[in-house]
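>>> Kindly generate the corresponding structure for this input.
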Amino acid sequence: MSTPHPTRILATITVPDTPTITAAIAYARTQVSPRTFNHVMRSWLVGAASISHLAGPLTQSLDHEAFAVAAILHDLGWSHNAALITPDKRFEVDGANAARAFLHARGWAQDRCQRVWDAIALHTIPSIACHATPLTALVSAGTMTELFGPGATLGLLGPGLVGATEQEWEAISREFPREGLKGHLHETLVGLCRSKPEGTYGTWVGDFGEEFLKEGGWSQVGRRGMDLLETLTRE
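All right, here's what the predicted structure looks like:
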């Protein structure tokens, strides 16, 4: 991996080593649960592993420090810190806003902060993110690959975005364990539907509300894009 920054090896992966990355790791550790922290660290490292094997303009123009920070801070929208969470915004937007504020406070330029914001806000929508900037595409691909593994994600996103090997994925998972991940994701996503439904209506997270909270009356009906269009009175 070509990077202008000093590097270190973490879970067998060579990654940039800068004060801002170190601060982002420390910040994430204090703001999210241990399982979420392990997930974001795996996302960074799996993404970095892919980048080390990819060639071409996608990685040549990549801001490696921004990639690291975006990956490490991408789930601040799941924070237990109420100051980072709104009652009505998507968790991706809460996370992007928190990450942007963190970088502003460290003196990053507005346009660089905005690129990190874009990558975090779009990381759960690979059908869009993977056609955006290299930073946005690789943060989304790294997150997806960490969750589903290189084999599955390679078929979904293609070799232009997924380069991590199964051996690298497994080494990263040993360093930052995956135990309890599925239950943690389920609890977190259902919890978002319960605690801030306005931030989940019309999103993929809303599917968890429809499936697991419908007996309690949770419903997106009337709040979907389709419902809004059906209310048009002028054509």
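
>>> residue nearest the centroid of this structure?
Central residue of the chain (CA atoms, centre = their mean): His74, 4.0 Å from the mean position.

>>> mind checking which helix or strand the closest residue to that residue other than its chain neighbours is in?
In space, and not counting its chain neighbours, His74 is closest to Ile120: 4.8 Å by CB to CB, 6 or more residues apart in numbering. Every residue, glycine included, has its C-beta placed from N, CA and C. For Ile120, the host element (DSSP states H and E) is helix 110-121.

>>> got the contact list for the following helix or strand past that helix?
Following helix 110-121 in sequence order, the next helix or strand is helix 126-129 (DSSP H and E). Here helix 126-129 makes contact (CB atoms under 8 Å, 6 or more residues apart in numbering) with 119, 122-123, 136-137, 139-141, 144, 156-157.

>>> Closest one of those residues to Gly225?
Leu122 (17.7 Å; CB to CB).

>>> Do I have it right that the closest one meets Glu92?
Yes. Checked against CB atoms under 8 Å, the pair Leu122 and Glu92 is within contact range at 7.4 Å.

>>> before we move on, the earlier item: contacts only, for the residue nearest to His74.
Each residue near Ile120 by CB under 8 Å, 6+ apart is listed here: 70, 73-74, 76, 92, 95-96, 99, 139.

>>> Buried among the residues you listed? Need that as a selection in PyMOL.
Burial among these is assessed by 16 or more other CB atoms under 10 Å; the matching PyMOL selection reads:
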select buried, resi 70+73+74+76+92+95+96+99+139
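
>>> Out of the contacts of Ile120, which comes closest to Trp204?
Nearest to Trp204 among the contacts of Ile120 is Glu92, at 10.2 Å by CB to CB.

>>> how far away is that closest one from Pro6?
Applying CB to CB, to the nearest Å, the value for Glu92 to Pro6 is 31 Å.

>>> Equivalent analysis for Val93, please.
The spacing between Val93 and Pro6, counted by CB to CB, is 33 Å.
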